[in-house]
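[1] quick one, fold the following:
(chains A and B)
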Amino acid sequence: MAKIASQASDFPQWYLDVVDVADLAKHSRVKGCMIIRPYGYAIWENIQRELDRRIKAAGVQNMYFPMFIPQSLLNKEKDHLEGFAPECAVVTHGGGQLLAEPLIVRPTSETIMYDAFSGWVQSHRDLPLLINQWANVVRWEMRTRPFLRTTEFLWQEGHTAHATKAEAEAEVARALKMYEDFDRDFLALPVLTGTKSPKETFAGADYTRTTEALAKDGKVIQAGTSHLLGQTFAKTFDIQFQDEKGEKQYVWQTSWGLSTRIIGTLIVCHGDEKGLVLPPNVAPHQVVMIPIYKTPDERASVLEALEKVKAELDVKNVRVHLDARDTVTPGFKFNEWEVKGVPVRLEVGPRDLAAETCVLARRDTSEKTPVALAEVAAQVPALLETIQSEMLARAQKHLAEHISEASDLDEMIKILDEKGGFVKAPWAGTELDEKKIQDKTKATIRVVSEIKLDKPGKCIFTGKETDTIVYFARAY
RNA sequence: CGGGGUAUAGCAAAGUUGGCUAUUGCGCUCGGUUUGGGACCGAGAGGCCGCAGGUUCGAGUCCUGCUACCCCGACCA
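    Here you go, the predicted model:
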């Protein structure tokens, strides 16, 4: 265990103890791929359910496209190809025969979708076209990390086409706000939002907007992005429509996505030395019940009491799990569910039963409170809400405390070394300047703020006057 | 692709200058005692020592080649 933990130095030591979340490449037999076991998949299903609800609320419809992209389709858009070609997995054989044209396992679906879109869009009445896909994608990165950068991952990718640039930009903003709200309200993750620097912009996009979360160790991780694709792909794939005047126009497009990396984000942002800490909204089990007993009689009466409370909680739509296993001790169960991050533990033993009480224990604060059995079901929903909001409040405080300002590079390096987080600074540099800063500090521009300075300041690198503010950080 | 490691049971490791039946812990199976913070005792099962050659009376151990994985870097919409 010690050896494997040290192999992923970016990750907390305990993450592999969350044995039901994932196995590493060794078990899946493909470098950088992971098996997501039932508990981890249940976390993903909750994320999917809630995000899918929000996507559909915006009028976007789900579809499914093929995972194989003919190479000629990917080759059509030059910038996009240059961005993705080095990390593509390529299928050369099928049915024992060499294929006439190699097939790319999708690294993203722009090309295969837009090839189809060109036939679907004829009239301004066909717009906006609002499509989402839940799928797996493959990116053969040189270096992978469990959860944070895996070769294969699951995600949703939204793809939209609009009649005007203004509509497309509104959609980019809507998707970004959707992620920001989702991160904050569902995952208890406050994020910094803004635009990516040219160096970090999606291959083929006009601009990329992003949400960036802050891990407990001071490193930063992307948690959902939204791209304005402009008319680049429309021109490449000939997606045109006739407007009200009967004139041909190219559509304006967007794409936006969020992946299973978000599970890694939850781990590094909320986890502690004991393991995962899940916000109640996303937790597969919000409450785990642990019976404590010595004799069969005690077991029967404790389980009876727990079943009764469970039925009351079921009615209130609380996701509750009664761990009635007789093969492991209560102490083992306490630890196992703590590693898995269950927000609330409910214990009942003979002593409690005699007093008609139980013990509620919070995962996030380790606080234990005795509560009357008759009242516990009524109290749990409020407790879950409290945990959710306090987790968010703590994360917001952590983020606010880790946004620093620096006037020169030495100061920036000092801040990044000592406390991590974001360094906010005026910026008027070029893409090359950003590269130089990265070489010196290991930090990149995570976002270019959409808020401008009232009075221009001096660029941290070039010293030029500017009203543009950027946030530097070291990232996962 | 460059630099550095590792490969022995499901997992983690030990194995001396080559030597006899390849150890240890966790986990697993069975029995008993336990059970309010990862239980204890006893008895078991489980091995092509990464692969292929070579040296040797004898190779987990030495040599050559290969493969895979890991760490650091480059890369990372």
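
[2] quick check: residues of the stretch 301-450 of chain A near RNA strand B?
    Contact residues (CB under 7 Å from any atom of the strand) of the stretch 301-450 of chain A with RNA strand B: A:326, A:328-332, A:334-336, A:338-339, A:345, A:347-353, A:359, A:361, A:366, A:368, A:439. Every residue, glycine included, has its C-beta placed from N, CA and C.

[3] rerun at 6 Å
    Taking CB under 6 Å from any atom of the strand as the contact definition, the stretch 301-450 of chain A meets RNA strand B at A:329-332, A:334-336, A:338-339, A:347, A:349-352, A:359, A:361.

[4] now, the residues you listed that are in helices?
    Among those, the members falling in helices (DSSP state H) are A:330-332, A:334-336, A:338-339, A:350-352.

[5] and the residue of the stretch 151-300 of chain A found nearest RNA strand B, how many neighbours?
    As assessed by CB to the nearest atom of the strand, RNA strand B sits closest to residue A:202 within the stretch 151-300 of chain A, at 2.7 Å. For residue A:202, the count of nearby residues is 22 (other CB atoms under 10 Å).

[6] so it sits in a strand?
    No: using DSSP: H, G, I helix; E, B strand; the rest coil, the secondary structure at residue A:202 is coil, not a strand.

[7] what's the distance between it and residue A:178?
    Noted for residue A:202: a distance of 18 Å to residue A:178, by CB to CB, to the nearest Å.

[8] same thing with residue A:379?
    In this view, residue A:379 and residue A:178 are 33 Å apart by CB to CB.

[9] repeat for residue A:344
    29 Å.

[10] circling back: list only buried entries from the ones in helices among the residues of the stretch 301-450 of chain A next to RNA strand B.
    Buried by 16 or more other CB atoms under 10 Å: A:334, A:336, A:338-339, A:350, A:352, out of those.

[11] from the residues you listed, which two are the most distant?
    Spanning the widest gap among those are A:339 and A:350, at 26.8 Å by CB to CB.

[12] please work out how many residues are found near residue A:59.
    Around residue A:59 there are 9 residues (other CB under 10 Å).

[13] does it touch residue A:129 like I think?
    No: when contacts are counted by CB atoms under 8 Å, residue A:59 is not listed as touching residue A:129 (10.8 Å).

[14] ok, back up a step: okay, the residue of the stretch 151-300 of chain A closest to RNA strand B: pLDDT?
    Note for residue A:202: predicted pLDDT of 93.

[15] where does residue A:285 sit: helix, strand or coil?
    Per three-state DSSP, residue A:285 ends up coil.

[16] show me what contacts it?
    By CB atoms under 8 Å, 6 or more residues apart in numbering, the contact set of residue A:285 is A:319-321, A:337, A:342.

[17] for residue A:149, same thing?
    A:32, A:141, A:143, A:261, A:476.

[18] do the same with residue A:120
    Taking CB under 8 Å, 6+ apart, we find residue A:120 in contact with A:126, A:129.

[19] any idea how many residues pack against residue A:46?
    18.

[20] excluding chain neighbours, what is closest to it?
    residue A:282 (5.1 Å; CB to CB, 6 or more residues apart in numbering).

[21] where does that neighbour land on pLDDT?
    Here the pLDDT value assigned to residue A:282 is 97.

[22] tell me how many other residues crowd it.
    25.

[23] confirm for me that it is in contact with residue A:48.
    No: if you go by CB under 8 Å, residue A:282 and residue A:48 don't touch, sitting 10.7 Å apart.

[24] please report phi then psi for the spatially closest residue to residue A:194 that is not a sequence neighbour.
    In space, and not counting its chain neighbours, residue A:194 is closest to residue A:447: 2.9 Å by CB to CB, 6+ apart. As for residue A:447, its main-chain torsions (degrees, to the nearest 10) stand at phi -140, psi 150.

[25] partners of residue A:447 in the sheet?
    residue A:471 (DSSP bridges).

[26] that older thread, residue A:65 versus the residue of the stretch 151-300 of chain A closest to RNA strand B, what's the distance?
    Distance of residue A:202 to residue A:65, computed by CB to CB: 18 Å.

[27] repeat for residue A:254
    Separation of residue A:254 from residue A:65 (CB to CB) stands at 17 Å.

[28] neighbour count winner among those two?
    Legend: neighbour count by other CB under 10 Å for residue A:254 and residue A:65, higher for residue A:254 (28 against 17).

[29] does the more buried one lie in a helix or a strand, and which?
    Assigned by DSSP states H and E, residue A:254 belongs to strand A:252-259.

[30] and for that strand, what's in contact with it?
    The contact list for strand A:252-259, computed with CB under 8 Å, 6+ apart, reads A:51, A:108, A:110, A:114, A:153-165, A:167-168, A:171-172, A:175-176, A:179, A:182, A:202, A:205, A:223-231, A:233-234, A:239.
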